[in-house]
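>>> the following block contains a protein sequence and its predicted model.
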Amino acid sequence: MAGVNDQGEPSGQPQGRERSAGADTFGPGTALVIVDVQNDFVDPGGGLYVSGGEDVVEPINDLIDRFIEQGGAVLYTQDWHPPRTPHFVTDGGPWPVHCVAGTWGAELHPRLRIAGEVVRKGVNGEDGYSGFSMLDPKSGKVGATALEGLLEERGARSVFVVGVAGDVCVKATALDAAARGFDTAVVRSAVRSVELQPGDESRAYDELVRAGVKLVE
């Protein structure tokens, strides 16, 4: 049961669920966006470990190989925070300290294959949930990252989003991709969620489907 059409664009059932990414779907015009596969998120010793996060590395590497072989683009996002930021609980924010610039926790996982450009977010203390945009928690100003421009340079029309966390940064990145006109899919087998509250992942997927994002396996 294919989840994309012959041009590599997400397609399928209106409900947006339970499709699979076939063997020949990732050609020119498609891009794999790998969200925040960093030590603090996917290593059990990380500052904001996502349960099972390490399990996404090999499925993502397999997808990277398929995209490269078939002429698709591969891009990465990376949290890159200063030591002090309103994003962190130590400064009144919601999250434990994580992915501080230049630390082990901010590094991409050592087993993750790097085959494209890395877009850093949260560099100046912003809330960098989406790979496309960052919110200044003090001023409320929203700024763009380089991601959209990089996708346009590569001629991407369809975007497949993977990584962590499914109910936070993956969700935000996929919603922004769809809002910017990209045919967008989330590959669930290569995603793990933090689930601060039980059911957060399911609610995130429901929100994605309502926004027109496809869920593929």
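Now that the structure is in, tell me what you want to look at.
>>> over to the closest residue to residue 66 other than its chain neighbours: give its phi and psi.
Take residue 66 and drop its neighbours on the chain: the residue closest to it by CB to CB, 6 or more residues apart in numbering is residue 26, 5.2 Å away. (Glycine included, C-beta is placed from N, CA and C.) Backbone torsions of residue 26, given as degrees, to the nearest 10, read phi -120, psi 50.
>>> correct me, but residue 26 touches residue 65?
No. Using CB atoms under 8 Å, residue 26 makes no contact with residue 65, being 9.9 Å away.
>>> okay, now the unreliable bits of the chain?
1-24 (pLDDT under 70).
>>> tell me, what residue is most central in it?
residue 35 (2.9 Å; CA atoms, centre = their mean).
>>> excluding sequence neighbours, find me the nearest residue to it.
Closest to residue 35 by CB to CB, 6+ apart is residue 163, at 3.3 Å.
>>> re earlier: higher neighbour count, residue 26 and residue 65?
Using other CB atoms under 10 Å, the more surrounded residue of residue 26 and residue 65 is residue 26, with 27 against 14.
>>> and the strands in the chain, which stretches?
Using DSSP state E, the strands of the chain run over 30-35, 73-79, 118-121, 133-135, 142-144, 158-164, 183-192, 214-216.
>>> can you list contacts of the third one?
Just to be clear, that refers to strand 118-121. 75-80, 108, 128, 130-131, 134, 145-147, 150 (CB atoms under 8 Å, 6 or more residues apart in numbering).
>>> do that again at 7 Å, thanks
By CB atoms under 7 Å, 6 or more residues apart in numbering, the list of residues contacting strand 118-121 from outside reads 75-80, 128, 131, 134, 145-147, 150.
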